[in-house]
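> Please find the sequence and the predicted model below.
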Amino acid sequence: MNVADTIAHHILDHDWGVTLGGLRVPVTTHSVTIFAVSVLMLIVLAWASRAHTSKAGRLLTTLLEEYVSFIRDGLVLPNMGAEGKGFLPYFCTLFLFILSVNLAGMIPEMKTATSNISVTAALALCSGGVILYSGLKYHGVIGFLKGFVPSGTPGWLVPLIFPLEVISTIIKVCVLAIRLFANMLSGHMVLICLLLIIFIVGKMSVFAGAGALIPAMGLEIFMTCLELLVAFLQAYVFTLLTAIFAGSVIHTH
Amino acid sequence: MEDLLKPDVGVTILTICNFLLLVYLLKKFAWNGIIGALEKRETQIATDKQQAQQAREEAQQLKAELDEKLNRVAEQAAQKMAEAVKTGEAQRDQLIAAAKEESQRMLEQARERIEAEKNHALADIRGEIVRTAILAAKKVAQEELNDASARASVERVLSELKNK
C-alpha cells in the first residue's frame, strides 16, 4: 500500500474528463461539489427568505435574519463602516459558502473543495476584487493609489514604500487563499493518516491492527470535532480578513 | 502529491464564475429580502422606541401637570374649607346674637304684656273698688244710717265683693 497515493487519492481533485468541442471543461469532483453546494444554498435560502407561512419557514427566516445581523454588526460594519452596507450580500454569501463547502467534506462521497488551492485562490481573487472595488469606489484611481502611501511618509521613501504596500496587499490576498487551503487540507490529511494507522499496523499484525482500532477511532472522532470547529473558524477568519482589508482601503490612514 | 500545490486554472475560473453568480442570485432572491425585512423591523423598533420615549416624556409631563393641578386644587379646597369654617363661625355667632336679641325682645314683650295686664287688672280692681265704694256709699246714703245697718251694709258689700 502506497500511503502517499492513498492520501492523494482522498484529497486531490479528480477530473471527470469532460470535453466540449475538444476543449477541456473543468468538471472535477471539487467543482461539482461547489456547484451542488451552490444550488442547495440557492434553493434553501431563496425558500427561507420567502417562507413566512409555515412554522419551520418562520424559524429559518428568523435564523437567517440573526445570521445577517451577525455578519453585518460583527464583521462588516465594525471594519468597513457604513460604506460596507452595500457589500453585505457578498459577505453573507462568502461566509455561508465557505462554511458549506468546508462542511461538505464531512458528508460521505463528497469532498472538501476548500482543500483545493484552485478553489481558495478563486475565493481570494473574488475578495481581492471586492477590496480593489471598495478602494476605487470610495477614493477613485488616484485616491486609491495614494492610499498605498501612509501619510507623513517622506517623499524620497515613496518609491520604496509604494511597491511594498502594493505587494503587501497582494500578499494579504494570497495569504487568504493559502490559509484556508492549508487549514482544510491539513485537517483532512490528519484524519486520513489516523485511519491509515489502523491499516499500516494491521499489515504488520492483524491483532495489532485490531488493537490500534480503538485509539485511532477515538482520535478520529476528536479530529472530526476539531475539523467542525476549524470549518467554522476558517469561514469566519476568511470573511473577517476580507472585511478588514476592504475596510483598510476605504478608511485609509 | 505535488499536484496539491498546482492550481487548476479551469477550476479557478469556474469557481469564480460559480461564486459570483451565486452572490448575484442570492442577493436577488434571498439577501435583499432578508436584509430589507431586517432593516424594516429595525426601523420599526427604533420608531416604536422613539414613540415610547416620547409617550413616556408626555406622560411624565402630564403627571407633573396633574400633580400641580392636584396641589392647586388641594390648596384651593383647604382655602375654601377655611373660608367655610370662618363663614360658618360668623353665621353661628350671628345666629346666636339674633336668637339672643329675639329672646330678649320676646322677654321684653312678655314683660310689657304682663305689665299691661297687671295695670289693666289694677285698673279694673280700682274701678271695681270705686264702683263698690260708690255703690256702698249710695246704699249708705239711701238707708237710715245706724251703726248696725251701716255695718251690715258694709259687710254685705264686702261679701258681694268676695263673691265676685
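That came through, no problem.

> What is the burial count for the closest residue to B:Leu20 other than its chain neighbours?
Take B:Leu20 and drop its neighbours on the chain: the residue closest to it by CB to CB, 6 or more residues apart in numbering or on different chains is A:Cys126, 6.5 Å away. Backbone N, C-alpha and C define where each C-beta goes, glycine included. For A:Cys126, the neighbour count with other CB atoms under 10 Å in any protein chain shown is 22.

> isn't A:Cys126 right up against B:Phe19?
Yes - the criterion here is CB atoms under 8 Å, and A:Cys126 meets it with B:Phe19 at 5.7 Å.

> check which helix or strand covers the residue nearest the centre of chain B.
Within chain B, the residue whose C-alpha comes closest to the C-alpha centroid is B:Met81; the distance, by CA atoms, centre = their mean, is 8.0 Å. Element membership for B:Met81, per DSSP states H and E: helix B:32-142.

> after that helix, next one along is what?
In N-to-C order, the element after helix B:32-142 by DSSP H and E is helix B:147-163.

> so where is chain B shaky, pLDDT-wise?
B:1-2, B:140, B:143-147, B:150, B:164 (pLDDT under 70).

> For it, which residues are neighbours of chain A?
B:1, B:3-16, B:18-23, B:25-27, B:29-35, B:37-38, B:41 (CB under 8 Å from any CB of the partner chain).

> hmm, 6 Å instead?
Taking CB under 6 Å from any CB of the partner chain as the measure of proximity, chain B contacts chain A at B:1, B:3, B:7-8, B:10-12, B:14-16, B:18-19, B:22-23, B:25-27, B:29-31, B:33-35, B:38.

> For chain A, what's its nearest residue on chain B.
For chain B and chain A, the shortest gap (CB to the nearest CB) falls at B:Gly10, measuring 3.0 Å.

> tell me the contacts of that residue?
Neighbour list for B:Gly10: A:Pro26 [criterion: CB atoms under 6 Å, 6 or more residues apart in numbering or on different chains].

> Also A:Phe222?
Contacts of A:Phe222 by CB under 6 Å, 6+ apart: none found.

> what do you get for A:Gly105?
Counting by CB under 6 Å, 6+ apart, A:Gly105 has contacts A:Lys111, A:Thr112.

> Show the backbone phi and psi for it.
phi -70, psi -20 (degrees, to the nearest 10).

> same thing with A:Asn116?
Per degrees, to the nearest 10, the backbone of A:Asn116 is at phi -110, psi 120.
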